[in-house]
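Visitor: Prediction below, plus the sequence it came from.
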Amino acid sequence: MTIEDEKRVAAEASVAFVESGMTVGLGTGSTVAYLLPALAGRQLDIRCVATSPRTAQAATALGLRVLDFREVDRFDIAIDGADQIAPDGWLIKGGGAAHTREKVVANAADRFVVIADSSKPVDALHGSVPVELMEYGLAATLRELASVVLRDVPRSPDGGVIGDYHGDLSDPAALAARLSAAPGLVDHGLFPPSMVHDVLIARGVDVEHRVIRA
Ligand code: 5RP
């Protein structure tokens, strides 16, 4: 089994949580790319909102009903990938630069389900945290945050500049609070356990189900 196979296995397991009549938030990334055909294949009567143009296009092409987020104020369920999953449920997201929209959708969902291959669980969050910054005052925001490296990628669909914060990740709650308090920072890729309900981790053909929040 390859990592790609595991992404598919986790994604396919998650569609069991979706029922007809639900409003579904769709994440972004290579794991979500496996979710979309699995969801479309169930032929349920569902309404979806996508967190990126990429996901919206793929979902629509597969026949899923994709609404504008202006038409929806909550979700029964949202399903998305992650870059790192800590044992206590803290996530790092935003490898695909979609974390701001993904967080709005996850927060508006009654149930947020994370799908992942076996490379995503970590003993402790490490590396860097994706950030989205306003163009306005960018130099001042970068000076304030001190250790953000901008990515050479297109702006977010909302016009934000994408970068990565490098620093101490040993206290995710404290770092999340510090980043959230920085003017000019639109949002960051730290997702708290309070936002996460289920984590499905594929290990070969088996799926580990971690319940983070009931
Ligand atoms: C996009 C994300 C993705 O969910 C995260 O980067 C995982 O991506 P992939 O499924 O391709 O490994 O947060 O902003």
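Guide: Cool, got the structure.

Visitor: Can you give me the first-to-last residue distance of stretch 32-49?
Guide: 13 Å (C-alpha to C-alpha, to the nearest Å).

Visitor: What are the buried residues along it?
Guide: 32-40, 44, 46-49 (16 or more other C-beta atoms under 10 Å). For glycine as for every other residue, the C-beta is placed from the backbone atoms N, C-alpha and C.

Visitor: Sort out for me which of those residues are in helices.
Guide: Applying DSSP state H to the buried residues of stretch 32-49, the entries found in helices are 32-40.

Visitor: pLDDT weak spots in this protein?
Guide: Scanning the chain for pLDDT under 70 picks out no residues.

Visitor: Please enumerate the helices of this structure.
Guide: Using DSSP H, the helices of the chain run over residues 3-14, 32-41, 53-61, 99-107, 138-145, 172-180.

Visitor: Most tightly packed of the ones you listed?
Guide: helix 99-107 (a mean of 24; mean count of other C-beta atoms under 10 Å).

Visitor: Quick check, Ala173 in contact with Phe191.
Guide: No. Using C-beta atoms under 8 Å, Ala173 is not in contact with Phe191, being 11.6 Å away.

Visitor: Out of the ones in helices among the buried residues of stretch 32-49, flag the one nearest to the ligand.
Guide: Distance to the ligand, by C-beta to the nearest ligand atom, is smallest for Val32 among these, at 6.1 Å.

Visitor: do you know how far the nearest residue to the closest one once chain neighbours are set aside is from Asn107?
Guide: Residue nearest to Val32 in three dimensions, not counting chain neighbours: Gly81, with 5.6 Å by C-beta to C-beta, 6 or more residues apart in numbering. To Asn107, Gly81 is 17 Å away according to C-beta to C-beta, to the nearest Å.

Visitor: how about stretch 184-199, does it reach the ligand?
Guide: No. Applying C-beta under 6 Å from any ligand atom, one finds stretch 184-199 separated from the ligand by no less than 6.6 Å.

Visitor: Now do the end-to-end distance for that stretch.
Guide: 31 Å.

Visitor: Only the buried residues of that stretch, if you could.
Guide: Going by 16+ other C-beta under 10 Å, stretch 184-199 has these buried residues: 184-193, 195-199.

Visitor: Tell me which two of the residues you listed sit farthest apart.
Guide: Farthest pair in the buried residues of stretch 184-199 (C-beta to C-beta) is Gly184 and Asp198. Separation: 33.6 Å.

Visitor: Next one: the closest residue to Arg101 other than its chain neighbours relative to His99, how far apart?
Guide: Among residues not flanking Arg101 along the chain, Thr51 sits closest, at 4.3 Å (C-beta to C-beta, 6+ apart). According to C-beta to C-beta, Thr51 and His99 sit 9 Å apart.

Visitor: can you count the residues close to Val207?
Guide: Using other C-beta atoms under 10 Å, Val207 has 17 neighbouring residues.

Visitor: can you pull the contacts of the residue nearest to it when sequence neighbours are not counted?
Guide: Among residues not flanking Val207 along the chain, Ala13 sits closest, at 4.5 Å (C-beta to C-beta, 6+ apart). For Ala13, the contacting residues are 115, 200, 202, 207, by C-beta atoms under 8 Å, 6 or more residues apart in numbering.

Visitor: With that, I have no additional questions.
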